[in-house]
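[1] A structural model of the following input is requested.
(2 chains)
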2 protein chains.
Amino acid sequence: MPASITTLDTPCALIDVTRMHRNIQRMQQRMDALGVRLRPHIKTSKCLPVVQAQIDAGASGVTVSTLKEAQHCFAAGIEDIFYAVAMAPGKLPQALILKRKGCRLGILTDSLAGAQAIVDFGQQHDARFDVWIEIDCDGHRSGLRVDDDSLIAIARLLNDGGMPLCGVMTHAGSSYELDSPQALQVLAEQERSTCVSAAQRLREAGLACPQVSIGSTPTALSALSLEGVTEVRAGVYVFFDLVMQNVGVCQPDELALSVLTTVIGHQPDKGWIITDAGWMAMSRDRGTQRQQRDFGYGQVCTEAGEWIEGALLTGANQEHGIITLADATGFDITTRFPVGHRLRILPNHACATGAQFPHYHACKDTGEVQTWSRLHGW
Amino acid sequence: MPASITTLDTPCALIDVTRMHRNIQRMQQRMDALGVRLRPHIKTSKCLPVVQAQIDAGASGVTVSTLKEAQHCFAAGIEDIFYAVAMAPGKLPQALILKRKGCRLGILTDSLAGAQAIVDFGQQHDARFDVWIEIDCDGHRSGLRVDDDSLIAIARLLNDGGMPLCGVMTHAGSSYELDSPQALQVLAEQERSTCVSAAQRLREAGLACPQVSIGSTPTALSALSLEGVTEVRAGVYVFFDLVMQNVGVCQPDELALSVLTTVIGHQPDKGWIITDAGWMAMSRDRGTQRQQRDFGYGQVCTEAGEWIEGALLTGANQEHGIITLADATGFDITTRFPVGHRLRILPNHACATGAQFPHYHACKDTGEVQTWSRLHGW
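    This next block holds a predicted model:
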């Protein structure tokens, strides 16, 4: 195991462990202050030591985006798991295996057809699935509108079919498109009130709806009240990234994930520094493209992590990144950033960039580096 | 091992093996007719059974984008390997290990600094590296212009340092931006003549330059003559993709890679079909965005692979894809594409989509499905 980042091969993914712990503390303290349970979404890290740090700080259970994540967490001793993607009927056998092993697995639906498939499968296999109903709070993706006739019908179908309704959940994914505290507060309140209203509608219809789950990192950090909410699912806060910085919910010194890269050449006439971190390392995510500040494929920092103002990864081929500088007057890029020189790149989107790597290198302030594996695939 | 695709969990990556073999034959026959060696770039598949099919069809050696690919190929008995990314000095120890095991590993540089690092390291370790010089034929990325003063100087530095020059190489990456046979022929000739000119310049300076290597799938399939060229490196032809279709070098029935997905919900008011193939499955590659036809995140086909005209994956979250139809009049999307229904999505960029999966499912015409693992990371 390498003693420091200077011996790591590039490109590789670095976690600044101090920043990560600070990010975890920040979200946990906020949720504690708002009186709700934090059930972190582990789709960002897909990495057990990161998840364990979240649980150690007070998180309760996890949210997953794939059943593979659920299997992995359950094998590590985490029993309370919410698979927060509408259930494909074909995945019910996998869910049943987890359930039979003792996993408290929550599953999700937003349609009568999906609910019927759960009921049918559950009855065939004498299993009671814990089911959530997805509510659409901002029109960005899945879920039922609060006033949708199906809401009550789905809940009744589940109840009558012997599948207990855990509650309602929503995700204000459109928060990624905002960039002012005011707009984020408004959306956070919309997320809260929409989901609480859905629960009330069910309760008024005589149906139990014990839980109300909301969550996106920007709204979780912007909500002034979470009255009626029982839990928050947030994910990317654990590392943050340039998209979140543009949204306005983190500062540059909170970005905990970066890609270590080596300079492999130059095109001096064009001012290009060529590196070994292309899109295979950074991912093709261009999440900052339509935000207030476009960071290309990433913000360039020194090997030690100091932001180099105006230095962006403006181009990316599979294993080639092209760095350009806003101002390169007064020095020669081939001597300032020579072949073999190492840099760090902060990513647009931590979830996408992390996925490009089989493991992270977790860097402590002492200089110690540990290798943490992460999941790939389904 | 599943007997057919109907039992595969989704999302997963499918290879149409018949199409793949046809694509391999097509490129090999073309290279044979043009009288050059084909050294396929395996960065597209990163998968040994695919590489073996290329070699069985007549390919000679491989091109790789990472030293991990080189290690993997060498362990499988492939000895002639060209690592076609400018060498980072820090990777020379890994290259040396491969060389000492008997690998004929070609490495690349386009700078005096890079060449000096190779010479210094080689001399320190009593190793003779086989070195190529990269030429820039279209201004899109790395390499020296033919008239660059450094060209001769780098070759002399290598020669004097005891590192034999294998030859010159170039990659007409800008071919991805074209879409007419005429423009592709012009660029193919530019790629050929530029690289051959670089070799001639070296030879006129009294320096040996045995090899001339060019290659991109669009130019390889468009070149009318490859006089003076000794080998072609092409990669994506093995699967093709929607970007290549837009470039005009393949037909829809040649696209060999697709992602199998399941419908998990709908937003009927918006005409959205929600699937379990989001950007984690498709990648964030939007390569067709600026081409003649924008396919969003992919073209939707039936589970059997039949193109559904006007059906595109127009939106993608991490584990959610949003399919929209150009024309949904006259039917109800929730009954035509119900929850649990399976579809295939053709990707924009096979190299990027393949990378999202730990393995491919190789589908034969008989219905038999094999699991082929692929490399991830560096």
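[2] count of residues packed around residue A:134?
    Using other CB atoms under 10 Å in any protein chain shown, residue A:134 has 26 other residues around it. Using the backbone N, CA and C atoms, a C-beta is placed for each residue, glycine as well.
[3] Number of residues surrounding residue A:251?
    Residue A:251 has 10 nearby residues by other CB under 10 Å.
[4] residues in contact with the helix or strand where residue A:13 lies?
    Assignment of secondary structure by DSSP states H and E places residue A:13 within strand A:12-16. Identification of contacts with strand A:12-16 by CB atoms under 8 Å, 6 or more residues apart in numbering or on different chains yields A:5, A:50, A:239, A:255-260, A:305, A:344, A:353-354, A:356-357, A:359-363, A:372, B:378.
[5] What about those, which are in strands?
    The members of the contacts of strand A:12-16 that map onto strands under DSSP state E are A:257, A:258, A:259, A:260, A:344, A:359, A:360, A:361, A:362, A:363, A:372.
[6] Same list (those residues) but as TSV, adding neighbour count and distance to residue B:219.
    Formatted as TSV, the ones in strands among the contacts of strand A:12-16 follow (neighbours: other CB atoms under 10 Å in any protein chain shown; distance: CB to CB, whole Å):
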residue	neighbour count	distance to residue B:219
A:257	27	37
A:258	28	36
A:259	28	31
A:260	25	34
A:344	26	35
A:359	15	37
A:360	26	38
A:361	18	38
A:362	21	43
A:363	24	43
A:372	16	42
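[7] Confirm that residue A:312 lies within a strand, as I assumed.
    Yes - the assignment for residue A:312 is a strand, going by DSSP: H, G, I helix; E, B strand; the rest coil.
[8] Quick one: check the longest helix seen in chain A for contact with chain B.
    The longest helix of chain A (DSSP state H) is helix A:181-204. No - residues of helix A:181-204 contacting chain B under CB under 8 Å from any CB of the partner chain: none, with a closest distance of 15.5 Å.
[9] Give me the helices and strands touching that helix, please.
    Judged by 3 or more CB pairs under 8 Å, 6 or more residues apart in numbering or on different chains; DSSP states H and E, helix A:181-204 is in contact with strand A:130-135, helix A:150-160, strand A:165-170, strand A:211-214, helix A:217-220.
[10] if you average pLDDT over the third one, what comes out?
    Right, the one you point to is strand A:165-170. Across strand A:165-170, the average pLDDT comes to 98.
[11] same thing with stretch A:177-187?
    On average, stretch A:177-187 scores 97.
[12] hmm, who's touching it?
    Contacts of stretch A:177-187 (CB under 8 Å, 6+ apart): A:138, A:172, A:174-175, A:218-219, A:221-224, A:246-249, A:291-292.
[13] just stretch A:292-306 next, same as before
    With CB under 8 Å, 6+ apart, stretch A:292-306 has contacts from A:5-6, A:16, A:179, A:242, A:246, A:258-260, A:277, A:279, A:282, A:286, A:288, A:307-308, A:311-316, A:321, A:323, A:341-348.
[14] So residue A:27 lies in a strand, does it not?
    No - secondary structure assignment places residue A:27 outside any strand; it is helix (three-state DSSP).
[15] Quote the end-to-end distance of stretch A:334-344.
    One end of stretch A:334-344 to the other measures 17 Å (CA to CA, to the nearest Å).
[16] repeat for stretch A:141-151
    End-to-end distance of stretch A:141-151 (CA to CA): 17 Å.
[17] gap between that stretch and the chain center?
    Offset of stretch A:141-151 from its chain centre (CA atoms, centre = their mean, to the nearest Å): 24 Å.
[18] Out of the contacts of stretch A:177-187, list just those in helices.
    Reading helices off those with DSSP H, I get A:218, A:219, A:246, A:247.
[19] Now restrict the residues you listed to buried residues only.
    For those, a burial check counting by 16 or more other CB atoms under 10 Å in any protein chain shown picks out A:218, A:219, A:246, A:247.
[20] ok, so of those residues, who is nearest residue B:67?
    Taking CB to CB as the measure, residue B:67 lies nearest residue A:246 of these, at 35.3 Å.
[21] what's the spacing between the closest one and residue A:192?
    The gap separating residue A:246 from residue A:192 is 23 Å, by CB to CB, to the nearest Å.
[22] The strand holding residue A:13 relative to strand A:359-363, how many degrees between them?
    40 degrees (axes from the mean of the first three to the mean of the last three CA atoms, to 10 degrees).
[23] Only C-alpha atoms, please: export strand A:12-16 in PDB.
    Taking C-alpha atoms only, strand A:12-16 is exported to PDB below (Å, rounded to 0.1, in the frame of the first residue of the first chain):
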ATOM      1  CA  CYS A  12      -6.700   7.700  -9.900                       C
ATOM      2  CA  ALA A  13      -9.500   9.000  -7.700                       C
ATOM      3  CA  LEU A  14      -8.600  10.700  -4.400                       C
ATOM      4  CA  ILE A  15     -10.800  11.300  -1.400                       C
ATOM      5  CA  ASP A  16      -9.800  14.000   1.000                       C
END
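[24] strand partners of it, parallel vs antiparallel please.
    strand A:257-267 (antiparallel), strand A:359-363 (parallel) (DSSP bridges).
[25] Please state the offset of the first one from the chain centre?
    Strand A:257-267 has its C-alpha centroid displaced from the chain centroid by 25 Å (CA atoms, centre = their mean).
[26] just the CA coordinates of it, formatted as PDB?
    Extracted C-alpha coordinates of strand A:257-267, given in PDB (Å, rounded to 0.1, in the frame of the first residue of the first chain):
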ATOM      1  CA  LEU A 257     -13.200  14.000  -4.500                       C
ATOM      2  CA  SER A 258     -10.600  14.700  -7.200                       C
ATOM      3  CA  VAL A 259      -8.700  12.900  -9.900                       C
ATOM      4  CA  LEU A 260      -4.900  12.800  -9.800                       C
ATOM      5  CA  THR A 261      -3.400  13.100 -13.200                       C
ATOM      6  CA  THR A 262       0.000  13.400 -14.900                       C
ATOM      7  CA  VAL A 263       1.100  15.800 -17.700                       C
ATOM      8  CA  ILE A 264       2.000  13.800 -20.800                       C
ATOM      9  CA  GLY A 265       2.500  16.500 -23.400                       C
ATOM     10  CA  HIS A 266       1.700  20.000 -24.700                       C
ATOM     11  CA  GLN A 267       0.600  21.900 -27.700                       C
END
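[27] Give the next helix or strand downstream of it.
    strand A:272-275.
[28] can you list the residues that contact that next one?
    Here strand A:272-275 has contacts from A:261-267, A:313, A:315, A:320-325, A:333, A:337, A:343, A:345, B:86, B:141-142, using CB under 8 Å, 6+ apart.
[29] What is the helix or strand just after that strand packed up against?
    Using DSSP H and E, the helix or strand that follows strand A:272-275 in sequence is helix A:279-282. Of the remaining helices and strands, those touching helix A:279-282 by 3+ CB pairs under 8 Å, 6+ apart are strand A:257-267, strand A:307-316.
[30] So for helix A:279-282, could I get the coordinates as CSV, restricted to C-alpha?
    What follows is helix A:279-282, C-alpha atoms only, in CSV (Å, rounded to 0.1, in the frame of the first residue of the first chain):
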residue,chain,number,x,y,z
TRP,A,279,-13.2,11.2,-20.1
MET,A,280,-12.5,7.7,-19.0
ALA,A,281,-11.3,9.1,-15.8
MET,A,282,-13.6,12.2,-15.4
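[31] contact partners of that helix?
    By CB under 8 Å, 6+ apart, the list of residues contacting helix A:279-282 reads A:11, A:259, A:261, A:297-298, A:313, A:316-319, A:321, A:345, A:347-348, A:353, A:356-357, B:65, B:285, B:352, B:355.
[32] same thing but at 7 Å, please
    A:11, A:259, A:297-298, A:313, A:316-319, A:321, A:345, A:347, A:353, A:356, B:352, B:355 (CB atoms under 7 Å, 6 or more residues apart in numbering or on different chains).
[33] now, which of the buried ones among the ones in helices among the contacts of stretch A:177-187 lie close to chain B?
    Contacts with chain B are made by none of those, judged by CB under 7 Å from any CB of the partner chain.
[34] Now for those: which two are most distant?
    A:219 and A:246 (15.6 Å).
[35] Please tabulate the strands paired with strand A:12-16 in CSV, including the columns mean pLDDT.
    Formatted as CSV, the strands paired with strand A:12-16 follow (pLDDT from 0 to 100):
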stretch, mean pLDDT
strand A:257-267, 98
strand A:359-363, 98
